[in-house]
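Undergrad: This is a predicted model, with the sequence first.
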Amino acid sequence: MDGALTRYRVMSVVTGTALLLLVFVAVPLTWAHHPQFGKVLGVAHGVVLYPLYLLTVVQLWYLARLKLWWVVLMLVAGFVPFLAFVMEHFVTRAVRQTEAATQGQPA
């Protein structure tokens, strides 16, 4: 499960950073009549990064048996600036606490 958590964390940071660049750099540039950066980053975020992020969320959900409300918040985090970083922190903490608690129990 460590690999799935690492993949989720990496994609969360990459997707969150791309979203911040899109909202705070590309949108103002588009308003200033320079839409090229926004077009490229918008496609990168929407077609490549967010779907990869979704795959890591689903994989972590399956392996860590996360509650559905965690997954819903994780999915929304790809659309709300800064939320991906917040969710990455809380999900990582929750998964590690659950992992530590279950390691002490016999199988």
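TA: Alright, I've got the coordinates.

Undergrad: The helix or strand containing Gln59 packs against which elements?
TA: Using DSSP states H and E, Gln59 sits within helix 50-64. Where contact means 3 or more CB pairs under 8 Å, 6 or more residues apart in numbering; DSSP states H and E, helix 50-64 is packed against helix 2-21, helix 68-76, helix 83-103. The way it works is simple: take the backbone N, C-alpha and C, and place the C-beta from them, glycine included.

Undergrad: Just name the most buried of these.
TA: helix 2-21 (a mean of 18; mean count of other CB atoms under 10 Å).

Undergrad: Please name the residues that touch the spatially most central residue of the chain.
TA: In the chain, the C-alpha nearest the mean C-alpha coordinate belongs to Ser12, at 2.9 Å (CA atoms, centre = their mean). Applying CB atoms under 8 Å, 6 or more residues apart in numbering, we find Ser12 in contact with 53, 56, 77, 84-85, 87-88.

Undergrad: Tell me how far it lies from His34.
TA: To His34, Ser12 is 29 Å away according to CB to CB, to the nearest Å.

Undergrad: same thing with Val40?
TA: To His34, Val40 is 12 Å away according to CB to CB.

Undergrad: do Leu75 as well
TA: Between Leu75 and His34 the distance is 31 Å, computed by CB to CB.

Undergrad: Low-confidence stretches in this protein?
TA: Across the chain, the ranges flagged by pLDDT under 70 are 104-107.

Undergrad: Now with 80, please.
TA: Low-confidence segments of the chain (pLDDT under 80): 1, 103-107.

Undergrad: In space, what's closest to Ala18 - neighbours in sequence excluded?
TA: His45 (4.6 Å; CB to CB, 6 or more residues apart in numbering).

Undergrad: hang on, that neighbour packs against Val14?
TA: No. Checked against CB atoms under 8 Å, the pair His45 and Val14 is beyond contact range at 9.7 Å.
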